[in-house]
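> Build me a model from this:
(one chain, ligands or ions: 1)
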Amino acid sequence: MIIAIDGPAGSGKSTLAKELSKRLGVPYLETGLLYRAVGYLCLKGKSRCDDVESTVKSLDVLEVKVDVEGTRVFYEGNDISGKLNDERVGKLASQVATIPEFREKINDLFRNLVKGKSAVVEGRDAGTHIFPNAELKFFITASPEERAKRRYNQLLKAGKEADYREILNAIVERDKRDSSRAKYPFRPAPDAIVIDTTGREVEEVLREVMERINELHS
Ligand code: DC
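As a prediction, the model looks like this:
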């Protein structure tokens, strides 16, 4: 069974997907991490995010591992997953996400990674383009202000500097870019269950999601 969890940055979809995969004991494919890994390669001068060929090819030098613990990305044998939670990397990831050829290749890669398995697949288009036939689709959302607040607190907790206004502006700008691209714009699948997490605890949302999964099996 494939459970697709989509939503914008800071909606709480990652926390939910991670917890859900643990409870169900199935692999957790975090698709955004691979977009970010390509952004990271561009930041380090190993690829060019403004060049289609270079961007598409950069997927060949990355290795991905997916299991119940989550998704990890390796470059030249080193796990770079911990280096990808960076605003500059996120911006470059959003840039490469506008390239249709890149999306086609990365989506094939995602399908191969969980071929024949059950998985929780989290991203922006898991239920629309990667797995349009997923058994269950959730679209997790929250207000831009709430998402900015969560990101701000996350950065402070990680001992990083943060500016709430800057984060909010970046979120609004990224939402606009992700949803207005000509091909593969970011939007919920028509058959997705939409959950707004504004002002709600993770546990409460998780309970709602588990109920939906149990309904499917009853
Ligand atoms: O979920 P995230 O913030 O790690 O994603 C980083 C960027 O990658 C985001 O701007 C949108 C893009 N992305 C995408 O277009 N499709 C996906 N399935 C996952 C991420």
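> phi, psi of residue 74?
phi -120, psi 140 (degrees, to the nearest 10).
> I meant residue 117, not that one.
According to degrees, to the nearest 10, residue 117 has phi -120, psi 160.
> Would you confirm that it contacts residue 25?
No. Contact criterion Cβ atoms under 8 Å: residue 117 and residue 25 do not qualify, at 11.5 Å. All C-beta spots, glycine's among them, are computed from the backbone N, C-alpha and C.
> which residues of this protein fall in helices?
For the chain, the helices defined by DSSP state H cover 13-24, 31-43, 52-58, 87-96, 100-113, 144-157, 164-180, 202-217.
> highest average neighbour count across those helices?
helix 31-43 (a mean of 24; mean count of other Cβ atoms under 10 Å).
> and it, does that touch the ligand?
Yes. Against the ligand, helix 31-43 shows contacts by Cβ under 6 Å from any ligand atom at 31-32, 35-36.
> Please look at residue 31 and residue 130 and confirm they touch.
Yes. Using Cβ under 8 Å, residue 31 makes contact with residue 130 at a distance of 7.0 Å.
> wait, what's in contact with residue 12?
Contact analysis of residue 12 by Cβ atoms under 8 Å, 6 or more residues apart in numbering lists 140, 142, 150, 197, 202, 205.
> Grab the CA positions of stretch 157-174 and hand them over as CSV.
Taking Å, rounded to 0.1, in the frame of the first residue of the first chain, the C-alpha atoms of stretch 157-174 are listed here in CSV:
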residue,chain,number,x,y,z
LYS,A,157,16.1,25.0,18.5
ALA,A,158,18.9,23.9,16.2
GLY,A,159,21.0,26.9,17.5
LYS,A,160,20.7,28.8,14.2
GLU,A,161,19.9,32.4,13.6
ALA,A,162,16.4,33.1,12.4
ASP,A,163,14.3,36.1,11.3
TYR,A,164,10.5,35.4,11.4
ARG,A,165,9.6,38.0,8.7
GLU,A,166,12.3,36.7,6.3
ILE,A,167,11.1,33.2,6.8
LEU,A,168,7.4,34.2,6.2
ASN,A,169,8.4,36.0,3.0
ALA,A,170,10.4,33.1,1.8
ILE,A,171,7.5,30.7,2.5
VAL,A,172,5.0,32.9,0.6
GLU,A,173,7.5,33.3,-2.3
ARG,A,174,8.2,29.5,-2.5
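> what comes into contact with that stretch?
8-10, 85, 87, 90-91, 94, 144-145, 147-149, 151-152, 155-156.
> Considering only those, which also neighbour the ligand?
Answer for the contacts of stretch 157-174 near the ligand (Cβ under 6 Å from any ligand atom): 9, 90, 94.
> Name the nearest of those relative to the ligand.
The shortest approach to the ligand among those belongs to residue 94, at 3.2 Å (Cβ to the nearest ligand atom).
> and the nearest residue to that closest one once chain neighbours are set aside, how far is that from the ligand?
Counting by Cβ to Cβ, 6 or more residues apart in numbering, residue 94 lies nearest to residue 174, which is 5.2 Å off, once chain neighbours are set aside. Residue 174 is 5 Å from the ligand, where distance means Cβ to the nearest ligand atom, to the nearest Å.
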